[in-house]
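Student: pasted the sequence and its predicted model underneath.
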Amino acid sequence: MASSRRDFVRTAAGASFAAAAAAGELGDIPKRKLGKTGLEVTIMSLGGARIGNLPDEKPALDVVRRCYDLGVNYFDTAAAGAYGLSQVRYGKALADVNKNIIFGTKTRHRTWAHAELDLNQSLANLKRDWIDLYQVHNVMHQADIDAVFARDGLMEMIEKAKRDGKIRFVGFTGHMDPRVHAKMLQMYDWDTVLMPLSVSDGAHDGFSFEQTVLKPAVDKGVGVITQ
């Protein structure tokens with residue numbers, strides 16, 4: 001959610017909010033517009049993997065609800081593994097405020113049939129009729145791009161789900177190769193992209209997410225989510 005290294009470093013200062021939250025001292029969390037989606041999201045979100053990995057449900061539900069009470073409005077999750085359990089826990093902890101939440105979820109599947117099962121599972125777990133942000137997860141190689149856009153592939157399912165009102169916005173994620181991200185940006189009118197960024201990333205000439213992906217994404221109005 002940043003357009004330059006300077007903006008990114010400034011935004012990354014939001015990490016200090018985590019310490020304030022732990023101390024119960026957090027006020028209003030700043031929000032940023034997520035690209036062309038128009039969604040106003042808090043600059044820090046709750047990641048689902050940690051929630052799914054907590055061994056006991058009650059502490060997990062308490063953490064989720066505490067984050068909401070402190071002002072977090074963007075909750076990250078996915079359908080597989082610990083993320084899948086986090087969806088169930090989000091659904092329980094946030095049932096009474098569900099419509100106030102912006103949920104971002106993901107699928108690793110590349111075929112229509114498997115991804116549709118993921119989507120329906122996510123909707124049921126989150127107790128929602130729609131997903132705010134549905135993301136093509138973990139795009140690493142050209143083979144992923146080919147599979148995602150193949151006949152009866154993931155993108156065909158996503159387009160139908162959008163028409164049916166099950167998905168509002170569409171993004172993709174990846175942590176491996178900025179050149180693959182650059183190709184993905186050209187393949188579809190994406191709403192968001194998730195990628196790794198750090199203060200040292202720009203030094204990696206020819207293999208930098210900052211140099212290769214950040215500016216083209218911002219120029220297209222694509223919302224940038226970093227971790």
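Tutor: Received, thanks. Residues are numbered from 1 along each chain as shown.
Student: quick one: list the elements packing against the longest helix seen in the chain.
Tutor: Longest helix in the chain, counting residues (DSSP state H): helix 112-126. In terms of contacts (3 or more Cβ pairs under 8 Å, 6 or more residues apart in numbering; DSSP states H and E), helix 112-126 is packed against helix 81-93, strand 102-107, strand 131-136, helix 154-163. C-beta coordinates here come from the backbone N, C-alpha and C atoms, glycine included.
Student: give me the contact list for stretch 71-80.
Tutor: Stretch 71-80 is touched from outside by 26-29, 31, 40-42, 44-48, 51, 64, 67, 83-84, 86-87, 90, 94, 100-108, 118-119, 121-122, 126, 137, with contacts defined as Cβ atoms under 8 Å, 6 or more residues apart in numbering.
Student: just the buried subset of the residues you listed, written out for PyMOL, thanks.
Tutor: PyMOL command restricting the contacts of stretch 71-80 to the buried ones, with burial defined by 16 or more other Cβ atoms under 10 Å:
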select buried, resi 26+29+41+42+44+45+46+48+51+64+67+83+84+86+87+90+94+101+102+103+104+105+106+107+108+118+119+121+122+126+137
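Student: could I get the full set of helices for this protein?
Tutor: Using DSSP H, helices in the chain cover 5-12, 16-22, 48-53, 57-69, 81-93, 112-126, 142-148, 154-163, 178-185, 209, 215-219.
Student: could I get those helices as TSV with mean pLDDT and distance to Leu197?
Tutor: Below are these laid out as TSV (pLDDT from 0 to 100; distance: least, Cβ to Cβ, whole Å):
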stretch	mean pLDDT	distance to Leu197
helix 5-12	43	6
helix 16-22	49	18
helix 48-53	93	19
helix 57-69	97	22
helix 81-93	93	21
helix 112-126	96	26
helix 142-148	98	21
helix 154-163	98	25
helix 178-185	96	10
helix 209	93	6
helix 215-219	95	11
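Student: pick the most deeply packed of those helices.
Tutor: helix 209 (a mean of 25; mean count of other Cβ atoms under 10 Å).
Student: residues in contact with that one?
Tutor: 178, 181, 195-197, 201.
Student: go on, stretch 192-205?
Tutor: Contacts for stretch 192-205 (Cβ under 8 Å, 6+ apart): 2, 5, 8-9, 34-35, 37, 104, 133, 135, 169-175, 178, 181, 184-185, 208-211, 213-214, 217, 222-227.
Student: ok, back up a step: could you dump the contacts of helix 209 to a markdown table with distance to Asp56?
Tutor: Formatted as a markdown table, the contacts of helix 209 follow (distance: Cβ to Cβ, whole Å):
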| residue | distance to Asp56 |
| --- | --- |
| Pro178 | 39 |
| His181 | 37 |
| Met195 | 33 |
| Pro196 | 30 |
| Leu197 | 33 |
| Asp201 | 37 |
